[in-house]
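J.: using only what follows, build the 3D model:
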Amino acid sequence: MLKKNLHNHHLILKFIPAMTIAILILLPINGYTTQLHEYAEGIITHQMGHLFFLFSMVTLIFTITGKGLDKQKGWRLIQYSAFFFILWNLDAFTAHFFDNQINIVKIENISLGKMRIITSNNSSTLAWLYYVLKLDHLLCVPAMLFLYRGLASLVNDQKKMMAKKKVP
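T.: Numbering: from 1, shown residues only. Purely as a prediction, here's the structure:
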């Protein structure tokens, strides 16, 4: 009975990511890819968080490589995750710097489906760069997926090892 309940629980956990994505697609709300702060202390603390996270991911990559863990699929996937998190943090840090610290970029909402990127010097290159920076989810989502797959792989490896130990 317990084994059947655990199996059902495992099936439910497998479908949570798919259900979450379906809900987000079917019930959209405004989503802002960068966070604006009203006062300097907020953005400085936020930027420090990005730098701490970035350096933590660099440390993780070197630790995984230094200990030879990258030979295992799970750790290799976690290493890829850390790389994408580094890119995401650089991206978010730069976007925050442009729109919140030096204020050279501003977003103007025109309508529900339209916005305008206004730059302080009317530079179309800067507007395009900022637009690309606002697509930071293209870095963050793969990072989270690699992390999930890496952890799942490590859990599966551990289960296999435990199963081998139980067999006489």
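J.: what distance do you get for I78 to L51?
T.: With the distance defined as C-beta to C-beta, to the nearest Å, I78 ends up 21 Å from L51. For every residue, glycine as well, the C-beta is placed using N, CA and C.
J.: distance of the nearest residue to F97 once chain neighbours are set aside from G66?
T.: Leaving aside its chain neighbours, F97 sits nearest to Q47 (7.5 Å; criterion: C-beta to C-beta, 6 or more residues apart in numbering). As for Q47, its distance to G66 is 28 Å (criterion: C-beta to C-beta).
J.: more neighbours: the two, which one.
T.: Applying other C-beta atoms under 10 Å to Q47 and G66 shows that Q47 carries more neighbours, namely 18 against 9.
J.: hmm, H96 and the more buried one touching each other?
T.: Yes. Between Q47 and H96 there is a contact at 6.0 Å, judged by C-beta atoms under 8 Å.
J.: which residues touch the spatially most central residue of the chain?
T.: The centre of the chain sits closest to C140, judged by C-alpha atoms, centre = their mean, with a distance of 2.7 Å. Residues near C140 by C-beta atoms under 8 Å, 6 or more residues apart in numbering: F84, F85, W88.
J.: let's see 6 Å
T.: By C-beta atoms under 6 Å, 6 or more residues apart in numbering, the contact list for C140 reads W88.
J.: residues in contact with whichever strand or helix holds G74?
T.: Assigned by DSSP states H and E, G74 belongs to helix 73-96. Contacts of helix 73-96 with the rest of the structure, by C-beta under 6 Å, 6+ apart, involve 34, 47, 50, 53-54, 57, 60-61, 64, 69-70, 133, 136, 139-140, 142-143, 146-147, 149-150, 153-154.
J.: let's see 8 Å
T.: Here helix 73-96 has contacts from 33-35, 43, 46-47, 50-51, 53-54, 57-58, 60-61, 64-65, 69-70, 130, 133-134, 136, 139-140, 142-147, 149-154, 157, using C-beta under 8 Å, 6+ apart.
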